[in-house]
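1. Fold the stuff below for me.
(one chain, ligands or ions: 1)
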Amino acid sequence: MDNKLLVLIINDMVIFPNNEVRIEYDNFYDKQMIDIVDRIEDNLMLIVNPIDENNINVTSFPKYGVLGRLKLKMSVPNGKTRIVIEGIERVEISSFEEDGNFYRANYSNVEIIENEDTKNYFNILIKSLENYIAKVPYMGNAIMSQLNEIDGLSDLCDLIVSFLPLKYEDKKKYVTTISAIERCKFLIADMNRDLKFVALEQKIEAEVEKEINDTQKEYFLREKINLMQKEIGDEKSKDTEVERLFKKVNRLKCSAKIKEKIKREIDRYDSLNSNSPELGMIRDYLDWMVNLPWNNYTKDTEDLVKVKSILDSSHYALEEAKDRILEYLAVKQNTNNLRSPIICLVGPPGVGKTSLALSIAKSLNRKTAKISVGGINDEAEIVGHRRTYIGANPGRIIQGIRKAGTTNPVFIIDEIDKMTKDIKGDPASSLLEVLDPEQNNKFSDHYIEEEFDLSKVMFIATANYVEQIPYELRDRLEIINISSYTEYEKLDIAKKHLIPVELEEHGLTSLQVQIDDGAIMTLIRNYTKEAGVRELGRIIATLFRKIVKKLLLNKDEMFYKIDDKMIEDLLGKKKYFYMETLEKDEVGVVNGMAYTVFGGDVLPIEATLFKGKGNLTLTGSLGEVMQESCHIALDYVKANMDEFKIDNKVFEENDIHIHVPEGAVNKDGPSAGVTITTTLISLFTNRKVDKTVAMTGEITLRGRVLGIGGLKEKVIGAHRAGIKKVFIPLENEKDLDEIPKEIKKDIKFITVNNYFEIYNYLFVGGDK
Ligand code: ADP
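-> Modelled structure (predicted):
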């Protein structure tokens with residue numbers, strides 16, 4: 001039976017029976033044709049791949065095509081038409097003819113034979129397919145799920161070919177070959193060709209990779225050889241090196257065992273080929289071994305008077321630390337017990353911890369080593385890496401000892417409170433081994449491998465906060481606290497230490513510059529803000545630098561007296577201001593006392609009332625603890641309002657607002673308890689509080705006044721602000737010993753145990 005259908009010419013893809021494709025057209029003729037297929041031709045068409053795409057005419061069409069059905073047609077936004085065509089079956093084309101702009105073809109159905117033979121081929125093809133999928137990396141196995149629906153060889157071939165990554169030209173023959181067995185053979189051949197190609201590809205890849213590896217390896221080795229040769233020269237210089245090492249080890253003051261070990265390593269070094277990668281590693285190791293001070297002591301100064309005078313001349317005050325050193329020396333002389341104490345100087349920055357440790361070394365005539373353990377989180381930093389580790393080195397302790405060059409240096413370990421702990425280990429526990437007098441005569445660094453005696457080392461650790469020193473370490477240390485300096489102490493340090501040192505540094509004499517106490521005080525109060533004197537030293541240096549310049553530029557002026565005005569001229573406007581006491585006594589304002597990292601200051605706490613329903617508003621720099629203190633104070637006042645003679649309507653009809661000015665440190669929280677309480681009572685009873693009174697203390701709900709920290713600093717701050725009377729918790733009475741005399745004579749201290757003592761004093765009538 002002959003049929004006629006419009007011909008859809010496709011020249012870049014192949015549509016097989018049982019196969020659906022999606023095509024997009026923007027070509028007018030194709031669109032027109034699809035329109036006709038859609039409207040007139042019952043959605044049927046003949047799909048044909050021309051023999052020669054460049055020369056399409058009735059003679060250039062093949063003998064077979066595929067009958068196709070238009071399944072979907074839609075316009076898409078880019079002006080194109082999208083269609084989905086389903087291939088139905090192969091057909092034989094008997095003739096083509098032109099039909100207007102299009103071609104029509106006469107076609108007839110072809111019979112596809114399926115028999116025993118095709119069944120065998122079917123099974124062979126499935127096997128080949130499985131093998132192909134297994135071996136070709138870019139072939140997914142999605143096709144396998146569709147195999148169930150296939151029952152004839154022809155369909156199987158059509159399915160497989162639509163999945164195969166074949167070129168268009170190669171695919172065309174699968175349409176025009178009617179025999180399923182033929183197509184099956186084509187498929188097996190095509191798959192085999194692909195498999196060979198894949199195998200070849202893999203082989204080439206492996207070879208290339210190997211080649212790259214080999215070249216890399218070679219390059220790497222060459223580099224290494226180059227480096228080593230550079231390092232050791234040639235074989236000849238290796239010989240001299242070995243000779244030099246032997247000489248050095250013979251002269252080395254160390255135990256026979258260590259000597260033996262070093263010699264063995266030198267032998268190993270000698271026996272290695274100069275291209276051996278181990279050579280550099282052993283050389284480094286030997287370098288460490290022959291340069292460590294295994295047995296090289298300095299002799300301590302025994303003259304205690306001399307030691308004391310050196311310490312006194314370098315550092316003002318710091319009596320406790322100095323005493324401890326003198327005690328150590330005294331005991332050592334008396335008993336000949338050499339075991340050193342492990343001192344830990346704790347205090348804020350710039351109070352002289354490190355410089356005192358250095359000066360202890362100087363006074364004892366010891367060498368120094370200094371390391372910082374701040375921020376380290378890896379125990380290898382302390383005990384070194386094993387030698388097998390690439391780039392291994394000894395830990396910081398051994399490094400410090402080598403730098404010091406003696407077995408008994410003063411070893412300063414800075415920032416012992418700033419170590420961290422993580423998966424790399426706990427450096428604190430390694431440090432414990434270093435510092436433990438029971439174990440440290442046999443300190444074992446992972447790199448050095450031999451025991452090193454640290455028991456004669458005088459370790460001095462430094463820290464800012466004692467609480468942050470790992471507990472197990474704290475236990476072993478003799479903590480010596482160095483608190484912040486008062487202004488008077490700073491003045492003394494400046495006069496006796498910083499100014500003379502800086503004068504000398506700048507080549508100046510006191511005949512050329514003078515600076516009076518008032519001016520120094522201005523520098524301390526208005527140009528620095530610190531617990532120690534580091535900034536002060538720096539600012540004095542700046543001042544002197546500018547004076548030197550003046551002296552050189554203006555030769556007529558031979559002498560400069562530094563006063564406040566000159567300071568402002570040279571250093572610019574004042575930078576820091578401290579709280580001054582209030583101008584007059586006021587209701588609802590009371591002086592608290594703050595302890596900051598920069599020292600102490602007064603902290604006036606204010607409260608106001610306004611119409612409301614008893615709500616509490618808190619503003620200012622209030623940390624959580626301080627907010628809690630405000631609530632405790634308010635509840636305590638409410639609970640005792642009868643005793644305090646407060647009308648309870650105050651709470652019902654008003655909102656309360658408490659404000660703490662900037663500058664207070666959040667962590668200083670609870671010690672403002674008594675101040676907040678007093679502020680509230682003053683506010684609720686409308687009575688003024690003396691502006692020259694300040695107070696500090698934590699308050700409990702029952703009115704007990706608890707101890708606080710930083711009394712010395714707080715009192716110094718209060719004194720500077722002109723405070724005359726200070727309430728302190730009874731618990732802190734002992735700390736009064738630390739307060740400088742000059743301050744004690746200006747301030748009256750009243751110790752209290754219960755808040756009522758403050759209340760009675762201020763509001764009922766103490767000895768004002
Ligand atoms: P820290 O180690 O506590 O941070 P430093 O030891 O580095 O402080 O001291 C900072 C500077 O202050 C040093 O120049 C030091 O000489 C000086 N200094 C600190 N305290 C004193 C003091 N009591 N007497 C003399 N100089 C001091």
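2. number of nearby residues for whatever residue of the chain ends up closest to the ligand?
-> Relative to the ligand, the nearest point of the chain is residue 352 (2.5 Å; CB to the nearest ligand atom). (Glycine included, C-beta is placed from N, CA and C.) Per other CB atoms under 10 Å, the neighbour tally for residue 352 reads 24.
3. for it, what are its contacts?
-> Residue 352 sits next to 315, 318, 482, 532-533 when contact means CB atoms under 8 Å, 6 or more residues apart in numbering.
4. List the contacts of the closest residue to residue 312 other than its chain neighbours.
-> For residue 312, ignoring the flanking residues on the chain, the nearest one in space by CB to CB, 6 or more residues apart in numbering is residue 322 at 7.3 Å. Residues near residue 322 by CB under 8 Å, 6+ apart: 308, 311-312, 315, 356.
5. how about a cut-off of 10 Å?
-> 307-308, 310-312, 314-315, 356, 359-360, 363, 480 (CB atoms under 10 Å, 6 or more residues apart in numbering).
6. Could you list which of the residues you listed also contact the ligand?
-> When contact is defined as CB under 6 Å from any ligand atom, the contacts of residue 322 meet the ligand at residue 315.
7. Redo the contacts of residue 322 as JSON lines? Include neighbour count, pLDDT and secondary structure.
-> Formatted as JSON lines, those follow (neighbours: other CB atoms under 10 Å; pLDDT from 0 to 100; DSSP: H, G, I helix; E, B strand; the rest coil):
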{"residue": "307", "neighbour count": "22", "pLDDT": "89", "secondary structure": "helix"}
{"residue": "308", "neighbour count": "16", "pLDDT": "91", "secondary structure": "helix"}
{"residue": "310", "neighbour count": "18", "pLDDT": "91", "secondary structure": "helix"}
{"residue": "311", "neighbour count": "22", "pLDDT": "91", "secondary structure": "helix"}
{"residue": "312", "neighbour count": "16", "pLDDT": "91", "secondary structure": "helix"}
{"residue": "314", "neighbour count": "19", "pLDDT": "89", "secondary structure": "helix"}
{"residue": "315", "neighbour count": "21", "pLDDT": "91", "secondary structure": "coil"}
{"residue": "356", "neighbour count": "24", "pLDDT": "92", "secondary structure": "helix"}
{"residue": "359", "neighbour count": "23", "pLDDT": "92", "secondary structure": "helix"}
{"residue": "360", "neighbour count": "27", "pLDDT": "90", "secondary structure": "helix"}
{"residue": "363", "neighbour count": "26", "pLDDT": "91", "secondary structure": "helix"}
{"residue": "480", "neighbour count": "20", "pLDDT": "88", "secondary structure": "strand"}
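8. So residue 407 lies in a helix, does it not?
-> No: using DSSP: H, G, I helix; E, B strand; the rest coil, the assignment for residue 407 is coil, not a helix.
9. quick one, phi/psi of it?
-> The phi/psi pair for residue 407 (degrees, to the nearest 10) reads phi -80, psi -10.
10. got a list of what it touches?
-> Applying CB under 10 Å, 6+ apart, we find residue 407 in contact with 253-254, 292-298, 367, 401, 452-457.
11. just residue 46 next, same as before
-> Applying CB under 10 Å, 6+ apart to residue 46 gives the contacts 3-9, 61, 65-68, 91, 93, 96, 103-107.
12. what about the nearest residue to residue 523 once chain neighbours are set aside, helix or strand, and which?
-> In space, and not counting its chain neighbours, residue 523 is closest to residue 539: 5.7 Å by CB to CB, 6+ apart. Here residue 539, judged by DSSP states H and E, is contained in helix 534-553.
13. elements contacting the very next helix or strand once past that helix?
-> As assigned by DSSP H and E, the chain's next helix or strand after helix 534-553 is strand 560-562. On a contact count with 3 or more CB pairs under 10 Å, 6 or more residues apart in numbering; DSSP states H and E, strand 560-562 meets strand 513-515, helix 517-522, helix 534-553, helix 564-571.
14. Pull the distance from the shortest one to the chain's centre.
-> So that's strand 513-515. 47 Å (CA atoms, centre = their mean, to the nearest Å).
15. Return the list of strands paired to that strand, each annotated with direction.
-> strand 560-562 (parallel) (DSSP bridges).
16. Could you say which helix or strand holds residue 15?
-> Judged by DSSP H and E, residue 15 forms part of no helix or strand.
17. so it touches residue 70, yeah?
-> No: using CB atoms under 10 Å, residue 15 is not in contact with residue 70, being 11.8 Å away.
18. what residues do those two have in common as contacts?
-> Joint contacts of residue 15 and residue 70 (CB under 10 Å, 6+ apart) are 8, 85-86.
19. Let me have those residues in TSV, adding secondary structure as columns.
-> Converted to TSV, these look like this (three-state DSSP):
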residue	secondary structure
8	strand
85	strand
86	strand
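20. which SSE is the nearest residue to residue 588 once chain neighbours are set aside in?
-> Spatial nearest neighbour of residue 588, chain neighbours left out: residue 683 (3.9 Å); criterion: CB to CB, 6+ apart. Residue 683 is part of helix 673-685 when elements are defined by DSSP H and E.
21. Quick check: pLDDT value at the closest residue to residue 558 other than its chain neighbours.
-> In this structure, residue 558 finds its nearest non-sequential neighbour in residue 512, 6.8 Å apart by CB to CB, 6+ apart. Listed pLDDT for residue 512 reads 90.
22. quick one: residue 512 and residue 556, what's the gap?
-> 13 Å (CB to CB, to the nearest Å).
23. what does residue 15 give?
-> 106 Å.
24. same question, residue 456
-> Distance from residue 456 to residue 556, by CB to CB: 59 Å.
25. who's more crowded, the two?
-> Between residue 456 and residue 556, counting by other CB under 10 Å, residue 456 is the more crowded of the two (18 against 4).
26. contacting residues around residue 736?
-> Going by CB under 10 Å, 6+ apart, the list of residues near residue 736 reads 711-712, 715, 728, 744, 749, 751.
27. show me where pLDDT drops low in the stretch 451-600 of the chain?
-> 578-582, 597 (pLDDT under 70).
28. go on, the chain?
-> Applying pLDDT under 70 to the chain picks out residues 1-2, 211-238, 336-340, 423-424, 578-582, 597, 621, 662-670, 766-768.
29. With just CA atoms, put the helix or strand residue 460 falls within into PDB.
-> In this structure, residue 460 sits in strand 458-463 according to DSSP H and E. Only the C-alpha atoms of strand 458-463 are listed here, as PDB (Å, rounded to 0.1, in the frame of the first residue of the first chain):
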ATOM      1  CA  MET A 458      65.500  30.000  87.100                       C
ATOM      2  CA  PHE A 459      62.100  30.200  85.500                       C
ATOM      3  CA  ILE A 460      60.200  33.400  85.800                       C
ATOM      4  CA  ALA A 461      56.700  33.400  84.300                       C
ATOM      5  CA  THR A 462      54.600  36.500  83.700                       C
ATOM      6  CA  ALA A 463      50.800  36.800  83.400                       C
END
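30. List of residues touching the following helix or strand past it?
-> The C-terminal neighbour of strand 458-463 among helices and strands, as given by DSSP H and E, is helix 471-474. Residues outside helix 471-474 that contact it (CB under 10 Å, 6+ apart) are 342, 344, 346, 413, 416-417, 419, 426, 428-429, 431-432, 434-436, 461, 463, 466-468.
31. Brilliant, that's me finished.
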